[in-house]
Structure formats: structure tokens, C-alpha cells
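K.L.:
how would this look folded up:
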Amino acid sequence: MLPERFAGVDVGARKGFDVTAIERDGVVAPPERLLSVGALVAWLLERTPRLVAVDSPRKAAPDGARSRRDERDLARVVCGIRYTPDAEALAASPDYYAWIRHGFALYAALERAGVPAIECFPTATWTRLGGPRGTRSRAAWSRRVLARQGLTGVPARTNQDARDAIGAALTARLHDAGATECFGDIVVPR
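P.N.:
Residues are numbered from 1 along each chain as shown. Modelled structure (predicted):
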């Protein structure tokens, strides 16, 4: 049986991936930046998380669409989200959408490795756990919501990517506990 360990991944373009692992009470592998899908999958396999939440779209919008229904529903009910266009639009702007292509590659590698993964959106996680951002900066808001989660082992200094990786891991933990809602593929806390 897998330990009650959950991982979260914030996907970027050139910067690579920010990843962390938590257990029920705290961070057990502090946020770390890895530059390749292979390095990230190896990191995850070494730590055997029960579930990984990835902050990146799992798929493109249907052909001819400018967004996914999941994203539109989430934006209407929880918070705004950057929409994912169809494959043709993704290919037409390869630099802008590089992070999404990295996410697609990660999902494929996780599937090949047998690592269970869900799609998440940490801004929705922070919104559901701490309320709307309002006029606060994203950094101040997410720091405050994270501090209220009572996790031990959170580094004293984190950037937004690290906080979003922790938020993703929290989403995985909540999903395992049955405390989430799904907007299509996107999993958010209830």
C-alpha cells in the first residue's frame, strides 16, 4: 500500500517544474525545481506519492474551440483561469504555450510510469481554501492561505511557483480524502 504521500507540480516553460511532496501533517520534500520531465518522474518514483496533482491543462480544447468547457465552468463558479485553446492554436504560438506542451509531456510520462495524476489549478485551490483574492497581491494572498493550512515543514521563504506546487499537493491530498469537486478534468477543493 502506498504511503499517505501526495505530490504537487507547478509546470513552467523554460524554468522547468517545481515539485513538492506532503503527507497528512506537513511537507516531507520541500519545493524543488527540476528541469526535465525525466528528472521529475524519477523524483516522483523515488518518493512514491499516492497521487500527483499537476498545475497544467491535461488536454487542449476541442478542434475549433478557444477554451475547454471545464475551464469555462470553473471560471463561472470559482475563479478566473487562463483558457487552453485547441491544438492548432497551441501550435501557432509555441513560445507562449510552451508550458502547456511541457504539461502534456509530463502527463504522458506519468501515465507510462504508472504514476496516478490529476489536473489542478492552485489559484482555485487558494480561492476555495481561503476565499477570493480581492485586492491583495497574489503572493500575499497565497502566503496567507498556505499559512492557515497548518502544514509543518513549509520553508520560511517560498516563491509563487513553490507555493503553487504545495497548493497542488494539497489538492491531491484533499482529492484522496473525497473533499474535492471536479470541473471535467480540473480538480478543486470543495
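K.L.:
all contacts plus neighbour counts: C-alpha atoms, from now on.
P.N.:
Will do.
K.L.:
and the longest strand seen in the chain, which strands flank it?
P.N.:
Ordering each strand of the chain by length in residues (DSSP state E) puts strand 27-34 first. In the sheet, strand 27-34 lines up against strand 17-22 (antiparallel) (DSSP bridges).
K.L.:
Give me the below-cutoff pLDDT ranges for the protein.
P.N.:
Counting by pLDDT under 70, the chain contains low-confidence residues at 1-3.
K.L.:
which residues in it form helices?
P.N.:
In the chain, the helices defined using DSSP state H lie at 37-47, 69-77, 87-92, 98-113, 122-130, 138-147, 160-176.
K.L.:
Which residue of this structure lies farthest from its centroid?
P.N.:
What lies farthest from the middle of the chain is Gly64; by CA atoms, centre = their mean that is 26.0 Å.
K.L.:
who touches the closest residue to that one other than its chain neighbours in this structure?
P.N.:
Closest residue in space to Gly64, ignoring its immediate chain neighbours: Asp86 at 6.3 Å, by CA to CA, 6 or more residues apart in numbering. By CA atoms under 8 Å, 6 or more residues apart in numbering, the contact set of Asp86 is Ala60, Ala61, Pro62, Asp63, Gly64, Ala65, Arg66, Ser67.
K.L.:
For the third one, list the residues it contacts.
P.N.:
The neighbourhood of Pro62, defined by CA under 8 Å, 6+ apart, consists of Arg68, Pro85, Asp86, Ala87.
K.L.:
Give me the number of neighbouring residues for the nearest residue in space to the last one that is not next to it in sequence.
P.N.:
In other words, Ala87. Of all residues beyond its chain neighbours, the one nearest Ala87 is Ala60 (5.8 Å), with distances taken as CA to CA, 6+ apart. Residues near Ala60, counting by other CA atoms under 10 Å, number 21.
K.L.:
What separation is there between Ala60 and Tyr83?
P.N.:
Relative to Tyr83, Ala60 is positioned 9 Å away (CA to CA, to the nearest Å).
K.L.:
Spit out the residues that contact these two alike.
P.N.:
Shared contacts of Ala60 and Tyr83, defined by CA under 8 Å, 6+ apart, are found at Ser67, Arg68.
K.L.:
still on that earlier bit, I'd like the helices of the chain written out as JSON lines, with mean neighbour count and distance to Ala13 added.
P.N.:
Shown next, in JSON lines, are these (neighbours: other CA atoms under 10 Å; distance: least, CA to CA, whole Å):
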{"stretch": "helix 37-47", "mean neighbour count": "16", "distance to Ala13": "12"}
{"stretch": "helix 69-77", "mean neighbour count": "16", "distance to Ala13": "21"}
{"stretch": "helix 87-92", "mean neighbour count": "15", "distance to Ala13": "13"}
{"stretch": "helix 98-113", "mean neighbour count": "18", "distance to Ala13": "4"}
{"stretch": "helix 122-130", "mean neighbour count": "22", "distance to Ala13": "17"}
{"stretch": "helix 138-147", "mean neighbour count": "16", "distance to Ala13": "20"}
{"stretch": "helix 160-176", "mean neighbour count": "26", "distance to Ala13": "12"}
